[in-house]
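1. sequence plus predicted model, see below.
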Amino acid sequence: MTTPSTADHIADTVKVLAFDIFGTVVDWHGSIVREMQALYPAVDGDAFAIAWRSGYQPAMARVMRGEQGWTRIDALHRGILDEILPKFGLAHLTEAERWHLNHVWQRLDPWADSVAGLTRLKTRFTITTLSNGNISLLTHMAKRAGLPWDCVLSAEVFRAYKPHPDTYLGVARTFDLEPAQVALVATHHDDLEAARACGLRTIYVERPLELGAARPKDCTPQPGNDLHTSSILDLAQRLGC
């Protein structure tokens, strides 16, 4: 674990905390499982959630390779949804039903510590999203869940998905800061590694159940991160908020 002096240094030098959203702040897997249980109880919600999320990285990669034009995550999610529905016996869903189900990503529930932790961090830092989710998705999500962002930044602003450097450096430029005055908070080591390569500070948050209880994540501390925390509330405590 990190020594207190590291947390003190971050508290003294970092001005903006930029948060990954899916998995870090909100429980995408559990939320989709609950949605499926309510709407389509005959479907294996766990398998459905994993299948939907599994299409996320390949869809973004097609855009970044130039195989299709810039596309908001809402549209990418819809494309993946249309692909997987027949596999789960849901090919019959109407356009209205598909639209509603696709917008479950705007209705994701926060982890139990997220709102309280962010509220405390907001007293000392500027807190912003840094997500591949589009602005409307993130805004609707925050409104419903009570996430107290100071700012909503998205890959949509920078026309590049994480882990492209333009996203991480874009946060620093937006707030007229040096990269080291921004910290990325995430539960994904690849995201943190890419941010660190751009000069940002990095903070890991443990989310062992991100993929569901059947797939516990290894949350062992990794070298390179400035802080390793058990929750956003733990982070707030460590940073003196």
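-> On my side now, so go ahead.

2. in stretch 171-191, what's buried?
-> 171-172, 174-175, 179, 181-189, 191 (16 or more other Cβ atoms under 10 Å). All C-beta spots, glycine's among them, are computed from the backbone N, C-alpha and C.

3. not counting that stretch itself, show me its contacts.
-> 10, 13-20, 23-24, 126, 128, 130, 151, 153, 157, 162-163, 168-169, 192, 195, 198-207, 210, 217, 222, 225-226, 232, 235 (Cβ atoms under 8 Å, 6 or more residues apart in numbering).

4. so which of those sit within strands?
-> Using DSSP state E, the subset of the contacts of stretch 171-191 located in strands is 16-19, 126, 128, 130, 151, 153, 201-205.

5. from the residues you listed, which single one is nearest Ala61?
-> Relative to Ala61, the closest of those is Leu130; by Cβ to Cβ it sits at 19.1 Å.

6. neighbours around the closest residue to the closest one other than its chain neighbours, how many?
-> Closest residue to Leu130 apart from its sequence neighbours, by Cβ to Cβ, 6 or more residues apart in numbering: Ala18 at 3.9 Å. Neighbourhood size, Ala18 [other Cβ atoms under 10 Å]: 29.

7. hmm, back to that, taking the contacts of stretch 171-191, please make a ChimeraX selection of just the buried ones.
-> Remark: buried members of the contacts of stretch 171-191, expressed as a ChimeraX selection using 16+ other Cβ under 10 Å:
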select :10,14,15,16,17,18,19,20,23,24,126,128,130,153,157,162,163,168,169,192,195,198,200,201,202,203,204,205,206,207,210,225,226,232,235
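
8. verify the contact between Thr229 and Leu239 for me.
-> No. Contact criterion Cβ atoms under 8 Å: Thr229 and Leu239 do not qualify, at 9.3 Å.
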